[in-house]
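Just to be clear, the model below is a prediction. Sequence and coordinates:
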Amino acid sequence: ECLIKRRMDFSVQRMTEIMKALESGTVMFKFYHRRRRPPEKRIFTLRLSTFEILQFPFPSRGRAIAEDTVDIREIREIRETLDSLDFKKGQEDIRMVDPQCCFIILYGSEFRLKTLSVAAMRREERDAWVEALRHILQPANFDTQLLINRWLRKKFLALDRGNSVIGGVEVKKFFQQVNHRENSSRYRQIVQKFDSSHQGVLTWDDFVNMYLHTVYDDAIGRLFYKYSADKSRITFRELQAFFRDEQKDHRIPDAIATLVWDFVSHSGGQRDPRQPILTIQEFVNFLFSKRNSAFNEESLTIYQNMDQPINHYWIASSHNTYLTGNQYMSESSVEAYVRALRQGCRCVELDCWEATEYPIIFHGKTLTSKIKFTDVVNAIKEHAFVASEFPLILSIEQHCEVPQQQFQARYFKEVFGDMLLTEPIEGLGDCLPSPNQLKRKIIVKHKRLQSDSDPIVSIKSEADWDNPNDDLTHSLMNGLLHMQDPITKKWSPHFFVLNDDKLSFTSQDYQIGDTENSEDHELPTTEMHLKQNWFHGKLMGGRNDAE
């Protein structure tokens, strides 16, 4: 036990030292997917107080302002590879760095993730960043109260302009950002109420107190006070009443006590496990914690019987897996397959079309971009069983002639090897094999080619059943038209398709040029509402119509 404890202490000490070094900043090359922009040196700093990775210009000149940030909460994956568009477009520049020093951060809140592709100066620095970020991304670091504190720190730093204090103007701005609106005199009263220095400004501690009072006392306090006799804490008996009346949870008292005690035992302090008592702040934290989740976490593991024939199950499937946007003119991406597979999808679609040398994949007879069949198959092999070991089905929509179909078959065998299911599983009779029997197997779903001895029958492929409106060959006219925004009066291009019965168009502006640069124009996560139709800036009556 002593040896284990010493190892744990050493591990904690080592991680602490790594965090300190990364908070001081390290110089790394940042790669871009735009062809004409070479890699640039940047100072990357880890700021744990706000859960961000900051990027500063190099060399640093005095008090520099971060040029870009990555919210650690949005990081979905860290890869120690060169498999990103940024690195692929900078093949010539890769020679100036050690490939073993490169890594990729995939982040974002939408299906199509953004990438940060960087190369450290030394392998030790790359390993430090990868190890630290994976440590930070552990669930224990995403406790509700920790997330709130980091969010508050981020807001305060954005408002204080380096002065460590904020005034009435900044307080008003903060409340407007969180959709809590008051008149100007009310903001002055708030500053006066929480100003501990009596100088008309709020320090960090004052700011936190202001937030806690506004959220806990005003917004949630009314519900809390309804059940709390002394208005400062909630007893176990009062908590039972809350569970019964508000959450319609009629579990026996012992079950509720165990649930709450498990929560408060991680909060510190001496508590009676039989009669746990919560303060208002602990009560709110409990409501937002996993222990109060409506989802049964036992369902995160496989608990069903997986020995039935595979056709007895619902299968998580993906249609037009390669697309990152609409079906007319969006970008096709190998990364879309990676995302679908890593999210647990067990059936992906490959729309294979004839090309000069090898097959390509795209939404045929539309303006969607094309990707290589070989690149997709290689990506599928690498990521097929990361999220699940149950079988993966490749649904082939075939538009190639026989020679390129034969190439596909050979390539499947060459890349997948023993993972590819090529022979029936014996001893099953008329039943299909079960998911357990097919673990780590890749199944190709494809229309069987007709041989000379087969009777002549009419077979419709999956493509024949597609919506004809998705195929531009069925349209009367298609192309770009400019449409005027009714609010801004600005004209912008949209892709239009005219069919017999309707006129369809893309909801977002059509970006003329390289679609791969489209993520340069994306809004930050905090401003995503600006693109929504319900945003008051898009309504004739402004905010009044929205409300």
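Cool, got the structure.

going forward, measure contacts between C-alpha atoms and count neighbours the same way
Fine.

what's the burial count for residue 371?
18 (other Cα atoms under 10 Å).

phi, psi of it?
When quoted as degrees, to the nearest 10, the phi and psi of residue 371 stand at phi -130, psi 160.

Would you map the strands across the stretch 251-400 of the chain?
With DSSP state E, counting those that start in this stretch, the ranges of strands along the stretch 251-400 of the chain come out as 278-279, 347-353, 360-361, 371-372, 392-399.

Include mean pLDDT when you put those strands into TSV, please.
Output for these, formatted as TSV (pLDDT from 0 to 100):
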stretch	mean pLDDT
strand 278-279	81
strand 347-353	97
strand 360-361	97
strand 371-372	96
strand 392-399	96
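
Point out the most buried one among the ones you listed.
Most buried of these, by mean neighbour count (mean count of other Cα atoms under 10 Å): strand 360-361, with a mean of 25.

That one packs against which elements?
On a contact count with 3 or more Cα pairs under 8 Å, 6 or more residues apart in numbering; DSSP states H and E, strand 360-361 meets strand 347-353, strand 371-372.

quick one: contacts of the shortest one?
In other words, strand 371-372. For strand 371-372, contacts defined as Cα atoms under 8 Å, 6 or more residues apart in numbering pick out 332-334, 358-362.

Can I get the buried ones among those residues as something I can paste into PyMOL?
Selecting only the buried entries of those in PyMOL, with 16 or more other Cα atoms under 10 Å as the criterion:
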select buried, resi 332+333+334+358+359+360+361+362
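
Could you point out which of the helices and strands packed on strand 360-361 sits nearest residue 208?
The minimum distance between residue 208 and these falls on strand 347-353, with 47.7 Å, by Cα to Cα.

CA atoms only for that closest one - export them in CSV, please.
The C-alpha trace of strand 347-353 is given here as CSV (Å, rounded to 0.1, in the frame of the first residue of the first chain):
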residue,chain,number,x,y,z
CYS,A,347,-23.7,1.2,-40.4
VAL,A,348,-22.2,3.8,-42.7
GLU,A,349,-22.9,4.5,-46.4
LEU,A,350,-20.5,4.6,-49.3
ASP,A,351,-21.8,6.1,-52.5
CYS,A,352,-19.3,4.8,-55.0
TRP,A,353,-19.0,6.5,-58.4
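
Torsion angles phi and psi at residue 423?
Here is the backbone geometry of residue 423 (degrees, to the nearest 10): phi -130, psi 150.

how close does it get to residue 433?
Going from residue 423 to residue 433 by Cα to Cα, to the nearest Å gives 12 Å.

coming back round to it: which one of the contacts of strand 371-372 is nearest residue 488?
Looking across the contacts of strand 371-372 and measuring by Cα to Cα, the closest to residue 488 is residue 332, at 31.3 Å.

Kindly reformat the strands of the stretch 251-400 of the chain as a markdown table containing distance to residue 213.
Shown next, in a markdown table, are the strands of the stretch 251-400 of the chain (distance: least, Cα to Cα, whole Å):
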| stretch | distance to residue 213 |
| --- | --- |
| strand 278-279 | 13 |
| strand 347-353 | 50 |
| strand 360-361 | 56 |
| strand 371-372 | 54 |
| strand 392-399 | 52 |
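
so what's the closest residue to residue 225 other than its chain neighbours scoring on pLDDT?
Nearest non-adjacent residue to residue 225, counting by Cα to Cα, 6 or more residues apart in numbering: residue 231, 5.3 Å away. Residue 231 carries a pLDDT value of 77.

where does the residue positioned nearest the centre of the chain land in three-state SS?
Centroid-nearest residue in the chain: residue 109, 3.9 Å away (criterion: Cα atoms, centre = their mean). When classified by DSSP: H, G, I helix; E, B strand; the rest coil, residue 109 comes out as coil.

Distance of it relative to residue 70?
Taking Cα to Cα, one finds residue 109 at 12 Å from residue 70.

likewise residue 369?
Relative to residue 70, residue 369 is positioned 28 Å away (Cα to Cα).

Identify the residues contacting residue 51.
71-73, 150.

Go through those residues and flag which are in strands.
residue 71 (DSSP state E).

Out of the contacts of residue 51, the closest to residue 312 would be?
Checking those against residue 312 with Cα to Cα, the nearest one is residue 73 at 37.6 Å.

so who does that closest one touch?
Applying Cα under 8 Å, 6+ apart, we find residue 73 in contact with 51, 137.

re the thing from before, higher neighbour count, residue 423 and residue 433?
residue 433 (19 against 6).

Quick check: closest non-adjacent residue to that one.
residue 309 (5.2 Å).

Residue 27 now?
Residue 27 sits nearest to residue 43 (Cα to Cα, 6+ apart), 4.5 Å away.

a markdown table please, covering the helices and strands packed on strand 360-361 and showing distance to residue 316.
As requested, the helices and strands packed on strand 360-361 are exported to a markdown table (distance: least, Cα to Cα, whole Å):
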| stretch | distance to residue 316 |
| --- | --- |
| strand 347-353 | 6 |
| strand 371-372 | 24 |
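
quick one: which of these is nearest residue 384?
With Cα to Cα, the closest approach to residue 384 among these belongs to strand 347-353: 10.2 Å.

Contacts for the helix or strand containing residue 104, please.
In this structure, residue 104 sits in strand 102-107 according to DSSP states H and E. The contact list for strand 102-107 (Cα under 8 Å, 6+ apart) reads 70, 74-82, 84, 113-120, 126, 130.

quick one: that strand to chain centroid distance?
14 Å (Cα atoms, centre = their mean, to the nearest Å).

mind showing which ranges of the stretch 101-250 of the chain have poor pLDDT?
Scanning the stretch 101-250 of the chain for pLDDT under 70 picks out 215-221.

burial count for residue 429?
For residue 429, the neighbour count with other Cα under 10 Å is 8.

Distance check, the residue nearest to residue 354 when sequence neighbours are not counted against residue 90.
Of all residues not flanking residue 354 in the chain, residue 400 sits nearest, at 4.7 Å (Cα to Cα, 6+ apart). Distance, residue 400 to residue 90, by Cα to Cα: 32 Å.

Noted, bye for now.
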